[in-house]
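Q: Generate coordinates for the sequence data below:
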Amino acid sequence: MAHNSSPEATFGDEDDETFSVSEFVKTVNQSIKQRFGRGVWLHGEIQEMKTPNHVYFTLVDQDGDKKAVLSASIWQGVYQSMRAKLAESGLQLADGLKVRVFGEPDLYAGNGRFSFKVSKIDPRFTLGDLIAQREEVVKQLKLKKLYDANRAVDLALVPLRVGIITSIGSAAHADVLKTFKDSKIGFTIFVHDARVQGEDSISSVVAALQTMDMRKDLDLLLLVRGGGAKNDLIAFDSLQIATAIANCRLPVFTGIGHETDFSVADEVAHQSHKTPTACATAVIEIVREFIESTEQVWDGIATLALRELELSASRLADRANKIGSKVLDALAGASKRLAMTAQRIKHRPEEVFRLEKSSLDAFADRVRLLDPVNTMARGWSITRNTAGNIVRDVTKLKTGDKLVTTFANGSTASTIQEISTKGK
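A: The predicted structure follows:
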């Protein structure tokens, strides 16, 4: 069978240059160095970071639906010095961090992998990106009128029932509980565990805020976590957490990171404090100020009461003096009256005796006039029956009754022979 194709159609000329794999890799690397010289700056987002010995990650550039990916690496010695420089700016490499890095592209002959070897990093770019992201979130919150929402929530006069959102078992958790305990004030504490760093931190904190805010037995919420790199705290710059804080019906106090850290969550909270301990201390001070003000009020009441008592005592003393004078005057008058009465009493018995003697004499005269002896001397007599009773009614007598009649100078005995009455 005849073939129309010729060797020239399938294979190149014998004069065409042919490279071995190692020669090709070497040539590519030489070409790259000629093109990019000593290195080039790239920017992108770190993803899939791994640190077994050296640092390996993927540098990603996302533009809408378009995505460009480049493998990158940092040798261990370079990373040690780089990490110190990042720490000065409060940063550390992590997934999601946008970076500007300097290095050189390299095609590795050992595995044929094209990668970018990083030798320098620009912290200002990362910080600038974080600031830009924060500014955009703040802008969105203000447009939605959420920026000042939680600060407008009324704070309880004595916030003794406190809900704490933090990572249970963390240093921040321990510090806050100890601070409340050391205050010797009767706080009631409820703690809700939440992821405060990493991939799930945003959703975890939002859920915790919403759950605790629904409770009816709380006066205040504390959102706290300890210090870390700025990008460790990146979740607290998110629109989701800031919105959750803004929508809380309870006031939210934040204590996130170190003294120099300030997140969007801090901006929208009712109060923000530099550290978790400072956050707890602020709540304690609110309660102590109330206690002190209450004690001052009672002291004022006691002072006022004492003044009133002193004034009343003074008024009573004046009144007593006035009353005393009147009493003395009254006593003096009474004394005079008593003296006069005493004089009258002194002479009164003689006068009374004379008056009584005169009355007795008159009564004696009347008595003598009524004496039966005197009456009988004037011609009267007294008749008695045998029982000695005076006979006053003739109808009480009957024939044969014996009677005794007494005269002034003697008596006689008689027997009734005949009885007659008036009208018969």
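Q: now the helices for the stretch 251-400 of the chain?
A: Assigned by DSSP state H, counting those that start in this stretch, the helices in the stretch 251-400 of the chain fall at 264-268, 276-370, 372-377.
Q: Lowest average confidence across the ones you listed, which one?
A: Per-stretch mean pLDDT for the helices of the stretch 251-400 of the chain is lowest at helix 372-377 (a mean of 62).
Q: dump the residue contacts of the nearest residue to His192 once chain neighbours are set aside.
A: Leaving aside its sequence neighbours, His192 sits nearest to Ala208 (CB to CB, 6 or more residues apart in numbering; 4.6 Å). In short, each C-beta sits where N, CA and C put it, glycine included. Applying CB atoms under 8 Å, 6 or more residues apart in numbering, we find Ala208 in contact with 165, 192-194.
Q: swap in Tyr79?
A: 51, 54-55.
Q: per the record, what domains does this protein have?
A: Residue ranges for each domain of the chain read 16-121, 132-288, 375-415, as given by automatic domain parsing.
Q: In CSV: the ones you listed, plus distance to Ile301.
A: Formatted as CSV, the domains of the chain follow (distance: least, CB to CB, whole Å):
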stretch, distance to Ile301
domain 16-121, 52
domain 132-288, 19
domain 375-415, 94
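Q: okay, the ones you listed, which one's buried deepest?
A: Most buried of these by mean neighbour count (mean count of other CB atoms under 10 Å) is domain 132-288; its value is a mean of 19.
Q: What's the end-to-end length of it?
A: By CA to CA, to the nearest Å, the extent of domain 132-288 from end to end equals 40 Å.
Q: Pretty sure Arg100 sits against Leu127.
A: No: taking contacts as CB atoms under 8 Å, Arg100 lies outside contact range of Leu127: 10.6 Å.
Q: Burial check on Arg307, number of neighbours?
A: 10 (other CB atoms under 10 Å).
Q: OK, contacts around it?
A: Contacts of Arg307 by CB under 8 Å, 6+ apart: none found.
Q: measure it to Val297 for me?
A: 16 Å (CB to CB, to the nearest Å).
Q: Same question for Arg100.
A: Arg100 is 61 Å from Val297, by CB to CB.
Q: Please apply the same query to Ser411.
A: 109 Å.
Q: what are the bridge partners for Phe102, then?
A: Trp41, Lys120 (DSSP bridges).
Q: contacting residues around it?
A: 39-42, 118-122.
Q: which stretches of this structure form strands?
A: 40-50, 55-63, 66-74, 98-108, 113-121, 161-166, 188-193, 220-225, 252-256, 271-273, 382-385, 402-407, 410-415 (DSSP state E).
Q: out of those strands, nearest to Leu146?
A: Closest of the strands of the chain to Leu146 is strand 252-256, at 12.6 Å (criterion: CB to CB).
Q: Since that was my last question, I'll sign off now.
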